[in-house]
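Participant: Would you be able to build a 3D model of this:
(one chain, ligands or ions: 1)
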Amino acid sequence: MNDESKSTVKRDDLFASPLGNVPRFVFDRAVVDVFPDMIQRSVPGYQTIINLCGELAARFVQPDSNCYDLGCSLGASSLAIRQQIDQPGVSIIAVDNSAAMLERCQSLLDNQSSKTPVQLLEADICDIEISNASLVVMNFTLQFIPLDKRQALLEKIYAGLVPGGCLVISEKLLFEPESLNQLLTELHHQFKSAQGYSDLEISQKRDSIENVLIPETLDSHINRLKACGFESASPWFQCFNFASLVAIKPA
Ligand SMILES: C[S@@+](CC[C@H](N)C(=O)[O-])C[C@H]1O[C@@H](n2cnc3c(N)ncnc32)[C@H](O)[C@@H]1O
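Facilitator: Down below sits the predicted model:
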């Protein structure tokens, strides 16, 4: 994160006061204003995952290819990837369907000097074309895509990757049986408490995001990736009910 973005980070207090009827979670301007703080204090391991995307970029990005950041929000993944790209002729395409996110994202990108251009695209990631991709990053976005659209999206990503290309998917996970899910959920809530969120904030955020964020089990993710053709697919990071997976298209 650069100096300007650090100095403008606002503390997330969106769910601190009793809201009565808790509204359905949306990525609007109010969320944009607190997003860096919200995601850092809500997702254990978030910064580790972002940093790793940079390292994977150094390893996988090929000359004259595209990188995609699907559900880019404020561009944390794009910024990390861009810093590590040393190859010529590479473009990053960062996609989000929240205009408020993209507006802020553009100003953060403008503050980073790099020879690698980033094109921001306001679109539904299910509708875009993916082509000539050596790296696709989808950090905490698939969970917001309707379940019945996920297979087609992953198939499109697989088809758009070049041989040897890499996909990173980071997600909140569901566990079975329910007792295990309960344990991991409680550990996550403890993490949020330790980050300064009150019980009211945790429960109102949970109510707001329920039915908007639909997690799946690790097995579901791996099985879908394999069905799409990703012979090599594995989690590389997990903390409580959050994980990041890497999947490689055969060379
Ligand atoms: C949790 S945030 C992603 C965080 C971001 N990748 C990062 O690492 O900082 C999810 C983002 O996905 C976007 N999003 C959700 N559904 C989408 C869709 N169908 N098409 C494009 N963007 C979508 C939201 O607007 C939001 O900015």
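
Participant: Which residues does stretch 172-188 contact?
Facilitator: Stretch 172-188 has contacts (CB atoms under 8 Å, 6 or more residues apart in numbering) with 43-44, 140, 143, 213, 215-218, 238, 240-243. Any C-beta I mention is one placed from the backbone N, CA and C, and that applies to glycine too.

Participant: per-residue confidence at residue 9?
Facilitator: According to the prediction, residue 9 has pLDDT 79.

Participant: Likewise for the one 5 residues further on?
Facilitator: The predicted local distance difference test score for residue 14 is 93.

Participant: which residues touch the residue in the stretch 51-200 of the chain that the ligand sits nearest to?
Facilitator: The nearest approach of the stretch 51-200 of the chain to the ligand comes at residue 71, 2.9 Å away (CB to the nearest ligand atom). Listed by CB under 8 Å, 6+ apart, the contact set of residue 71 reads 95-96, 125, 138-142, 144.

Participant: Would you quantify the distance from it to residue 122?
Facilitator: As judged by CB to CB, to the nearest Å, residue 71 and residue 122 stand 12 Å apart.

Participant: Is it possible to mark the buried ones in the contacts of stretch 172-188?
Facilitator: Listed as buried from the contacts of stretch 172-188 are 43-44, 140, 143, 215-216, 218, 240-243; burial here means 16 or more other CB atoms under 10 Å.

Participant: want to throw the residues you listed into TSV with secondary structure, distance to residue 161 and pLDDT?
Facilitator: What follows is the buried ones among the contacts of stretch 172-188, written out as TSV (DSSP: H, G, I helix; E, B strand; the rest coil; distance: CB to CB, whole Å; pLDDT from 0 to 100):
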residue	secondary structure	distance to residue 161	pLDDT
43	coil	25	98
44	coil	29	98
140	coil	20	98
143	helix	21	98
215	coil	24	98
216	strand	21	98
218	helix	22	98
240	coil	30	98
241	coil	28	98
242	strand	24	98
243	strand	21	98
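
Participant: ok, and which of those residues reach the ligand?
Facilitator: With CB under 6 Å from any ligand atom as the criterion, the buried ones among the contacts of stretch 172-188 include residue 140 near the ligand.

Participant: Let me know the closest of the contacts of stretch 172-188 to the ligand.
Facilitator: The closest of the contacts of stretch 172-188 to the ligand turns out to be residue 140 (CB to the nearest ligand atom; 3.9 Å).

Participant: Which residues are in contact with the closest one?
Facilitator: Residue 140 sits in contact with 39, 43, 71, 170-172, where contact means CB under 8 Å, 6+ apart.

Participant: What backbone torsions are found at it?
Facilitator: Backbone torsions of residue 140, given as degrees, to the nearest 10, read phi 60, psi 40.

Participant: try residue 118
Facilitator: Given degrees, to the nearest 10, the pair of backbone angles that residue 118 has is phi -120, psi 120.

Participant: So the residue lying closest to it once chain neighbours are set aside: helix, strand or coil?
Facilitator: Spatial nearest neighbour of residue 118, chain neighbours left out: residue 92 (4.4 Å); criterion: CB to CB, 6 or more residues apart in numbering. The assignment at residue 92 comes out as strand when based on DSSP: H, G, I helix; E, B strand; the rest coil.

Participant: how about the strands in the protein?
Facilitator: Ranges of strands within the chain are 66-70, 91-96, 118-122, 133-139, 161-172, 232-239, 242-248, based on DSSP state E.

Participant: burial of residue 79, as a residue count?
Facilitator: Applying other CB atoms under 10 Å, we find 26 residues neighbouring residue 79.

Participant: just residue 226 next, same as before
Facilitator: 13.

Participant: And it, how close does it get to residue 141?
Facilitator: 21 Å.

Participant: ditto for residue 109
Facilitator: 18 Å.

Participant: Quickly list what's touching both of residue 71 and residue 122.
Facilitator: Residues within reach of residue 71 and of residue 122 at once, by CB under 8 Å, 6+ apart, are 95-96.
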